[in-house]
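In: Mind folding the following:
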Amino acid sequence: MVASWEDALEVCRSLPVNLLLACVVILTLSSSVNGAHEFDVFRMYQYELHGKSFGCHGSQVNMEARSSAASQLHRRCVVVRLSNLTEESFTHLVQRGAGALLVLMPETLHSPSLLGQWNALEQQLLSDEVSIPVYFAEETAELLSLHDNIANLVASEQSASVAESLLGVFTAQGYQMAVTAGESKPVKESPITTLVGKLAGRGDPQQLPTLAVVAHYDAHAITPHLAFGSDSNGSGVVALLELARLFSLLYSDARTKGAFNLLFVLSGGGKYDYQGTRHWIDSVQDSDDPVLANAHYVLCLDSIGRGDGLFLHVSKPPKEGSPAHAVLKSLKEVAESMPLDISVVHKKINLADERSAWEHERFSIKRIPAATFSHYDTYQSAKERHTAYDRRSGVDISVVKRNIHFLAEGIARHIYNLSSEGVGSNTRVFNTSQDEESDLLTSWFDHFTSHPRAQPLIGKEHSVLSTLEQQLSRSCPTTRHVSKPDRKDPDYIFYGLSKSVMTASSIKPGVFDLVLGFAVAAYLLMVYSALQAFPYATVMLSRLVGKLKKA
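Out: Modelled structure (predicted):
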């Protein structure tokens with residue numbers, strides 16, 4: 001009996017140490033971070049063009065998540081679904097001091113009104129600077145659950161009932177969003193590669209006129225990794241490659257060569273004021289190559305993947321008897337026989353504009369006759385060429401094939417001088433057997449437009465370039481022209497960190513930490529009070545044990 005009392009006394013003497021250990025355990029178990037979820041995010045574009053900055057400058061995020069309905073957004077990362085984001089709401093979020101923005105993007109936008117809403121917002125963001133980090137993530141079930149949890153947290157904080165507020169403090173799930181990829185920096189090497197294929201005509205190639213077909217291969221969107229550009233300009237690229245294949249069949253036989261050199265130019269940097277085209281024109285004109293000096297006409301292709309007709313955009317109306325007028329006449333003869341509606345749209349070049357409206361303007365400035373085919377009637381309506389939702393589903397491959405057939409017959413009619421008076425408007429140069437291989441166009445187009453083609457992602461050894469070069473070289477000898485921005489006064493600057501990993505750490509809301517802090521403080525106060533009274537309790541217990549021994 002006495003031994004048991006002595007053991008109890010020894011336990012009591014070690015009680016302060018046990019209490020402190022218990023406090024440590026409780027504080028450890030009460031941590032408000034329960035777990036973390038990692039997912040890929042794509043940072044909004046950041047680049048400079050002609051000395052002006054575009055896109056978002058921020059990249060680092062380490063903030064608590066909130067929904068757009070929260071009353072307090074200062075230094076918070078706002079998580080919002082794309083369907084709930086408009087031009088006005090974005091501006092309002094920035095004005096309220098949001099520290100960062102994460103936009104959840106669905107795979108497709110089926111509603112025309114929602115697509116129009118997004119296009120308007122995307123063009124606003126692409127045309128200006130944004131001071132806060134803006135990230136985009138593909139909408140998944142997990143991210144939708146995260147979004148809903150954040151919305152529930154905000155709803156609990158704004159609840160009118162005290163009981164509901166207290167319940168929400170302990171049941172709501174919050175998140176700490178973090179991207180620690182560092183600050184974005186300019187990309188040192190930003191080459192733009194232009195591929196040029198040539199079919200030499202019958203006679204002296206140095207003396208023959210040249211007809212060129214041009215299409216830029218890069219795409220543009222709110223973030224580089226979502227720039228697929230199926231219509232703009234995947235449709236133009238595929239059309240150019242098919243035209244090169246068809247005419248290579250004719251030019252492979254000396255008897256069917258035309259009296260024209262044919263150029264097929266796949267240019268880079270099209271979404272950056274056609275930098276690849278500009279540098280290529282300058283380099284050719286500075287050399288002894290007469291290819292552009294003998295330029296008869298340049299046809300640029302941009303967004304020809306849908307629509308009932310085509311618009312031919314020119315900087316100067318074709319004059320009677322000019323090469324431009326002769327080319328247009330041949331094209332119209334074919335269009336009338338298909339039938340296909342062709343309209344000429346005239347827009348003067350404004351040298352004060354920040355960017356060229358169409359690619360042909362780069363040639364027109366150098367007094368090279370040129371035009372652009374597109375299903376867009378105006379440059380303003382064509383702003384949706386720069387969108388993350390220019391996907392494969394928005395392109396009608398049958399329309400692409402129709403336009404290829406129209407262009408091939410129109411160009412052939414011109415270079416072989418086949419007027420409708422002489423051979424009839426329904427005469428075709430390319431027969432069925434020559435066109436059978438175009439059935440592969442669909443699968444090749446699907447493959448080509450399934451990968452992002454933003455110019456900052458396309459280095460000299462990128463698979464997009466190697467694939468395009470391989471395809472074009474099958475039809476004609478192909479050369480590369482690589483240009484880089486001037487180091488002292490660059491026309492463009494790309495920035496890195498376009499893709500990162502965001503971590504969403506599951507936490508309890510800040511109010512929970514406050515309540516927990518008060519609870520721990522009260523507990524520690526009780527422990528402190530017990531420790532202060534412990535010596536007296538020990539003395540009394542010792543006396544009691546002593547009396548029991550004497551007894």
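In: Buried residues in stretch 141-161, which are they?
Out: Within stretch 141-161, the residues that qualify as buried are Leu143, Leu146, His147, Asn149, Ile150, Ala151, Asn152, Leu153, Val154, Ser156, Glu157, counting by 16 or more other C-beta atoms under 10 Å. For the C-beta atoms, the positions are set from N, CA and C on the backbone; glycine is no exception.
In: Report the secondary structure element holding Glu48.
Out: In this structure, Glu48 sits in strand 46-49 according to DSSP states H and E.
In: I'd like the next helix or strand past that strand.
Out: If you walk from strand 46-49 toward the C-terminus, the next helix or strand you reach (DSSP H and E) is strand 52-56.
In: That next one pairs with which strands, and in what direction?
Out: Paired neighbours of strand 52-56 in the sheet (DSSP bridges): strand 46-49 (antiparallel), strand 129-130 (parallel).
In: Quick one: residues in contact with the helix or strand just after the shortest one.
Out: Under the assignment DSSP H and E, the closest C-terminal helix or strand after strand 129-130 is strand 134-138. Here strand 134-138 makes contact (C-beta atoms under 8 Å, 6 or more residues apart in numbering) with 39-44, 56, 58, 61, 100-105, 107, 125, 143, 179, 222-223, 226, 388, 500, 502.
In: And the helix or strand where Leu544 lies, what does it pack against?
Out: Element membership for Leu544 (DSSP H and E) is helix 510-550. Counting contacts by 3 or more C-beta pairs under 8 Å, 6 or more residues apart in numbering; DSSP states H and E, helix 510-550 is packed against helix 2-13, helix 15-29, helix 162-171.
In: do that again at 10 Å, thanks
Out: With contacts defined as 3 or more C-beta pairs under 10 Å, 6 or more residues apart in numbering; DSSP states H and E, the secondary structure elements packing on helix 510-550 are helix 2-13, helix 15-29, helix 141-157, helix 162-171, strand 174-179.
In: of the contacts of strand 134-138, buried ones?
Out: 41-44, 56, 58, 61, 100-105, 125, 143, 179, 222-223, 226, 388, 500, 502.
In: List the ones among these that fall in strands.
Out: 41-43, 56, 61, 100-105, 179, 500, 502 (DSSP state E).
In: ok, of the buried residues of stretch 141-161, which one's closest to Arg487?
Out: Leu143 (41.5 Å; C-beta to C-beta).
In: Surely the closest one is in contact with Leu82?
Out: No. Judged on C-beta atoms under 10 Å, Leu143 makes no contact with Leu82 at a distance of 11.7 Å.
In: shared neighbours, the two?
Out: When contacts are counted by C-beta atoms under 10 Å, 6 or more residues apart in numbering, the set common to Leu143 and Leu82 consists of Leu104, Met105.
In: Quick one: mean pLDDT for the particular helix or strand that has Asp282 in it?
Out: Secondary structure assignment for Asp282, by DSSP H and E: helix 275-286. Averaging pLDDT along helix 275-286 yields 94.
In: cool, and stretch 204-224?
Out: What stretch 204-224 shows for mean pLDDT is 95.
In: ok, now how distant is Trp444 from Ile411?
Out: Distance of Trp444 to Ile411, computed by C-beta to C-beta, to the nearest Å: 21 Å.
In: Gly174 too?
Out: Summarising the geometry, the distance separating Gly174 from Ile411, computed by C-beta to C-beta, is 63 Å.
In: now the chain, which segments are flagged as low pLDDT?
Out: Confidence mapping of the chain against pLDDT under 70 gives the ranges 1-35, 156-173, 420-426, 432-438, 508-513, 534, 545-551.
In: so what's the nearest residue to Tyr389 once chain neighbours are set aside up against?
Out: Excluding the flanking residues, the one nearest Tyr389 by C-beta to C-beta, 6 or more residues apart in numbering is Leu109, at 5.6 Å. By C-beta under 10 Å, 6+ apart, Leu109 lies in contact with Leu82, Ser83, Leu115, Gly116, Gln117, Trp118, Asn119, Thr387, Ala388, Tyr389, Arg391, Gly394.
In: what two of these have the greatest distance between them?
Out: Set against one another by C-beta to C-beta, those have their most distant pair in Ser83 and Gly394, with a gap of 18.2 Å.
In: burial of the residue nearest to Val501 when sequence neighbours are not counted, as a residue count?
Out: Once its chain neighbours are removed from consideration, Val501 has its nearest residue in Glu38; the separation is 5.4 Å (C-beta to C-beta, 6+ apart). Residues contacting Glu38 under the criterion other C-beta atoms under 10 Å number 11.
In: Surely Ser500 is in contact with Val179?
Out: Yes. Because the distance of 5.1 Å satisfies C-beta under 10 Å, Ser500 is recorded as touching Val179.
In: got any residues that touch both of these two?
Out: Shared contacts of Ser500 and Val179 (C-beta under 10 Å, 6+ apart): Val41, Arg43, Ser59, Gln60, Val61, Pro133, Tyr135.
In: From His220, how far out is the second one?
Out: With distances defined as C-beta to C-beta, the gap from Arg43 to His220 amounts to 15 Å.
In: now do Ser53
Out: 16 Å.
In: Compare the two (neighbour count), which wins?
Out: With other C-beta under 10 Å as the criterion, Ser53 and His220 differ in neighbour count, and His220 comes out ahead with 23 against 15.
In: May I have the residues that are in contact with the more buried one?
Out: His220 makes contact with 45, 126, 227, 229, 232-233, 270-272, 385-388, 390, 453-455 under the criterion C-beta under 10 Å, 6+ apart.
In: Same question for Val345.
Out: If a contact means C-beta under 10 Å, 6+ apart, then Val345 has Phe311, Leu312, His313, Val314, Trp358, Ala371, Thr372, Ser374, Tyr376, Asp377, Thr378, Tyr379 as its contacts.
In: Drop anything exposed from these.
Out: Phe311, Leu312, His313, Val314, Trp358, Ala371, Thr372, Ser374, Tyr376, Tyr379.
In: Distance to Leu351 and secondary structure for those - can I get that in JSON lines?
Out: Shown next, in JSON lines, are the buried ones among the contacts of Val345 (distance: C-beta to C-beta, whole Å; DSSP: H, G, I helix; E, B strand; the rest coil):
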{"residue": "Phe311", "distance to Leu351": "23", "secondary structure": "strand"}
{"residue": "Leu312", "distance to Leu351": "22", "secondary structure": "strand"}
{"residue": "His313", "distance to Leu351": "17", "secondary structure": "strand"}
{"residue": "Val314", "distance to Leu351": "17", "secondary structure": "strand"}
{"residue": "Trp358", "distance to Leu351": "15", "secondary structure": "coil"}
{"residue": "Ala371", "distance to Leu351": "19", "secondary structure": "strand"}
{"residue": "Thr372", "distance to Leu351": "18", "secondary structure": "strand"}
{"residue": "Ser374", "distance to Leu351": "22", "secondary structure": "strand"}
{"residue": "Tyr376", "distance to Leu351": "22", "secondary structure": "coil"}
{"residue": "Tyr379", "distance to Leu351": "15", "secondary structure": "coil"}
